[in-house]
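>>> Got a sequence here, can you build the structure:
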Amino acid sequence: MGEYLVEVEGKYNLEEINLQIRGEEAGASEFISSSVCSYEGRTTNIAKFRELAPGTVPKEITLVPQGHSPPEGAKPKPIWTGEMIISGTKQAVSAYRRV
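Residues are numbered from 1 along each chain as shown. Sure thing, here's the model as predicted:
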C-alpha cells in the first residue's frame, strides 16, 4: 500500500476540514500528516494519506486546536501535530483518533 497527497483547502473552518479528511479516509485510506505548501499559486494544505486494504476505514479522526484537550473517546496522544491553514489563517492543530 502506498502513500498519496491530497489538497485540503485552507479556506474552510476546522469542522469542514475534519469532514474533508474523514471523507478521504472513507475511501480506504488513513491520514498521516499535513504541510502548508504553495500549490497552483496559492498557499494551502497538502495532506498525506496512506492507502489501506479495500473496505478498511480507520477509527474516526478529529483535528483540534493545539493545546486543547483530546476529543471524548480519543486516544490521549495525538497522531500528528502541526500547522494548517484554517479559515485562511495558519493555525497549530493536533489530530486525534478514537480508541
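
>>> Which strand or helix spans the nearest residue to residue 78 once chain neighbours are set aside?
Excluding the flanking residues, the one nearest residue 78 by CB to CB, 6 or more residues apart in numbering is residue 94, at 3.9 Å. For glycine as for every other residue, the C-beta is placed from the backbone atoms N, C-alpha and C. Here residue 94 sits within strand 89-97, counting by DSSP states H and E.

>>> Might you report the residue contacts of the most centrally placed residue in the chain?
Nearest to the mean C-alpha position of the chain, counting by CA atoms, centre = their mean, stands residue 21 at 5.1 Å. Contacts for residue 21 (CB atoms under 8 Å, 6 or more residues apart in numbering) come out as 8, 31, 47, 61, 63.

>>> Quick check: ChimeraX command selecting the buried ones in those residues.
A single ChimeraX command suffices to select whichever of the contacts of residue 21 are buried according to 16 or more other CB atoms under 10 Å:
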select :8,31,47,61,63
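
>>> May I see the contacts of residue 21 organised as a markdown table, with distance to residue 73, pLDDT and secondary structure added?
Converted to a markdown table, the contacts of residue 21 look like this (distance: CB to CB, whole Å; pLDDT from 0 to 100; DSSP: H, G, I helix; E, B strand; the rest coil):
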| residue | distance to residue 73 | pLDDT | secondary structure |
| --- | --- | --- | --- |
| 8 | 23 | 97 | strand |
| 31 | 17 | 98 | strand |
| 47 | 23 | 98 | strand |
| 61 | 12 | 98 | strand |
| 63 | 15 | 98 | strand |
